[in-house]
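> 3D, please:
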Amino acid sequence: MNKNALLELFQQQSISFDIYDHAALYTVKDSIKIMGNIEGAHTKNLFLKNKKNQFFLIACLQTTKIDLKKLQKKINIGNISFAKDKYLRSLLGVEPGAVNPFGLLNDVNNEINFFLDIKITFSKKVNFHPLVNTSTVTLNTNDFIKFMKINNKLVNILNFDNYTLT
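Next up is the predicted model:
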């Protein structure tokens, strides 16, 4: 799956979206500078791996501070660290800087556990990279969750304030 195929899939599944092209974004700081005027929740996405070769994708508000030690204890996922670039490419089909939940569509064996920050669900709209970091797609948050479920991707809602599943 690539950006064009993703946008086509949105259209096939009647998911409304807006697309914004921009310079490559690699950090939250870059995003705030360029994307600040786009409506909706702005996100950061972390791709993590534990020592048992289990993978986790975390999507949270870009301002959320993530404590990996608290996270691994609270949801019992073992000792985690950032996954290497080779796993980004092989499992999510993305390059560094472009991690996003839509990469889960490339995870045909559903090896990656996906956790979405509950605070994102409080926003009417949400923004993610559409598999490349030179664009941002804005969706209705409920449509995003519906889209993931339609495409057989489990969305675990997590409260990152106290690291509890809801």
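
> Make sure residue 153 is indeed in a strand.
No: per DSSP: H, G, I helix; E, B strand; the rest coil, residue 153 lies outside any strand segment and is coil.

> Regarding the residue lying closest to it once chain neighbours are set aside, what is its secondary structure?
Closest residue to residue 153 apart from its sequence neighbours, by C-beta to C-beta, 6 or more residues apart in numbering: residue 104 at 4.8 Å. Heads up, the C-betas are built off the backbone N, CA and C, glycines and all. With three-state DSSP as the basis, residue 104 sits in helix.

> who touches residue 104 in this structure?
Listed by C-beta atoms under 8 Å, 6 or more residues apart in numbering, the contact set of residue 104 reads 57, 92, 112, 114, 148, 153.

> can you give me the helices for the chain?
Ranges of helices within the chain are 3-12, 28-35, 68-74, 85-87, 141-150, based on DSSP state H.

> can you redo these as CSV with mean neighbour count, mean pLDDT and distance to residue 131?
Listed next are the helices of the chain as CSV, based on neighbours: other C-beta atoms under 10 Å; pLDDT from 0 to 100; distance: least, C-beta to C-beta, whole Å:
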stretch, mean neighbour count, mean pLDDT, distance to residue 131
helix 3-12, 14, 97, 5
helix 28-35, 15, 62, 16
helix 68-74, 14, 86, 25
helix 85-87, 12, 95, 15
helix 141-150, 17, 97, 14
